[in-house]
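Chemist: Okay, predicted coordinates and the sequence, questions at the end:
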Amino acid sequence: MSSTPAGTTRGVTRVLLLADAPVLRRGLVSMVNETAGMQAVGVPGEVRRALTLVESARPDAVVVELGAGRAATLAVCRDLRRRYPRVAIVALATSEDPAVVNEALAAGIRGYLLMNTSPTLLGWSVLAARAGRTVVDPQIRRVEPSEVPVAKELTPSVPLTRRESDVLDELIQGQSNRAIGRNLFISEDTVKSHVKAILRKLGARDRAHAVSLVLSARNGGSCTCGHGHAPAPAGEVVGEAATV
């Protein structure tokens, strides 16, 4: 990220707003500008234009609509996370499904709020996300163990090797193949080979699906893959529904 552009008030958090519906964009602009210490920057636009708009606005945080077309939006969020790792991403979502929440967090979203959130909670979540913490809307009901549907345990027929488990740990942290190779002192091609093996053993479609499976299973206590330990995603999870 470049230094703060000239003319920007020192100490103000610059927020770019991305939503497909113009009425939602206008509402978010009002919410952000009415929050002390925050300022809507750039031209609020559609989610598909995220990379272009972030490049021109240089925000500290992005608030993105996560509704219809969730897969495409999460792909955009992953791209944002890779290209602009210092930009905090907060999503306004329509789903309360814990699996969807986990999928969003795995894509690099650090704040998961429902559409009817308050300006106060939105502002606080943006600040928390910038500080590296993860916030889940307290309106999302906790899932009691007795209410969790019986599901197939995440137990690969062929267990992950220790190195594959190390790579999986890095995937959960949202690291790229290049970063994983650097962190584990292996080549990028070796990382790719391990990722392919992980996907095959977990029966996952792609990296995001693998992370979602692991997080969902871990939260339900049914993950027994690999050597049985993987760190939680970076950042502290806060909020009433933080255990989803």
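Modeler: Nice, thanks for sending it over.
Chemist: only C-alpha atoms for contact and neighbour calcs from this point on.
Modeler: Will do.
Chemist: Sketch out the strands for this structure, chain order is fine.
Modeler: 13-18, 38-40, 61-66, 88-93, 111-114, 134-136, 237-238 (DSSP state E).
Chemist: Turn those strands into a markdown table, columns for mean neighbour count and distance to Leu171.
Modeler: Shown next, in a markdown table, are the strands of the chain (neighbours: other CA atoms under 10 Å; distance: least, CA to CA, whole Å):
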| stretch | mean neighbour count | distance to Leu171 |
| --- | --- | --- |
| strand 13-18 | 26 | 26 |
| strand 38-40 | 21 | 32 |
| strand 61-66 | 25 | 22 |
| strand 88-93 | 26 | 18 |
| strand 111-114 | 27 | 19 |
| strand 134-136 | 25 | 17 |
| strand 237-238 | 19 | 18 |
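Chemist: Including mean pLDDT and distance to Val195, could those strands go into TSV?
Modeler: Listed next are the strands of the chain as TSV, based on pLDDT from 0 to 100; distance: least, CA to CA, whole Å:
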stretch	mean pLDDT	distance to Val195
strand 13-18	92	32
strand 38-40	90	39
strand 61-66	93	27
strand 88-93	93	26
strand 111-114	92	27
strand 134-136	87	26
strand 237-238	46	26
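Chemist: Can you say which of the ones you listed is nearest to Ser176?
Modeler: Of all the strands of the chain, it is strand 88-93 that lies closest to Ser176, at 17.4 Å by CA to CA.
Chemist: I'd say Ser187 and Ser193 touch.
Modeler: No - using CA atoms under 8 Å, Ser187 makes no contact with Ser193, being 10.0 Å away.
Chemist: State the pLDDT value of Arg25.
Modeler: Model confidence at Arg25, expressed as pLDDT, equals 87.
Chemist: Pull the number of nearby residues for it.
Modeler: Other residues lying near Arg25 total 21 when counted by other CA atoms under 10 Å.
Chemist: Could you find the closest non-adjacent residue to it?
Modeler: Ala19 (5.7 Å; CA to CA, 6 or more residues apart in numbering).
Chemist: and that neighbour, what does it touch?
Modeler: By CA atoms under 8 Å, 6 or more residues apart in numbering, the residues touching Ala19 are Arg25, Pro44, Gly45, Glu46, Val47, Val64, Glu65.
Chemist: Quick check: phi and psi on it?
Modeler: Main-chain torsions, Ala19, degrees, to the nearest 10: phi -150, psi 150.
Chemist: what about the helices in the chain?
Modeler: 22-33, 50-57, 70-83, 98-106, 119-130, 162-172, 177-184, 188-202, 207-219 (DSSP state H).
Chemist: Settle this for me: Thr94 is touching Val64, isn't it.
Modeler: No - using CA under 8 Å, Thr94 makes no contact with Val64, being 11.9 Å away.
Chemist: can I see the domain layout of this protein?
Modeler: 13-136, 162-232 (automatic domain parsing).
Chemist: Deepest-packed of the ones you listed, please.
Modeler: The highest mean neighbour count among the domains of the chain, using mean count of other CA atoms under 10 Å, belongs to domain 13-136: a mean of 20.
Chemist: any low-confidence regions in the chain?
Modeler: Within the chain, the stretches falling below the threshold (pLDDT under 70) are 1-10, 141-157, 216-244.
Chemist: Is it possible to get a markdown table of the helices of the chain that adds distance to Arg14?
Modeler: A markdown table is the format used below for the helices of the chain (distance: least, CA to CA, whole Å):
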| stretch | distance to Arg14 |
| --- | --- |
| helix 22-33 | 9 |
| helix 50-57 | 9 |
| helix 70-83 | 16 |
| helix 98-106 | 22 |
| helix 119-130 | 10 |
| helix 162-172 | 28 |
| helix 177-184 | 28 |
| helix 188-202 | 35 |
| helix 207-219 | 28 |
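Chemist: Tell me which of those lies nearest to Leu113.
Modeler: helix 119-130 (7.6 Å).
Chemist: elements contacting the closest one?
Modeler: helix 22-33, strand 88-93, strand 111-114, strand 134-136 (3 or more CA pairs under 8 Å, 6 or more residues apart in numbering; DSSP states H and E).
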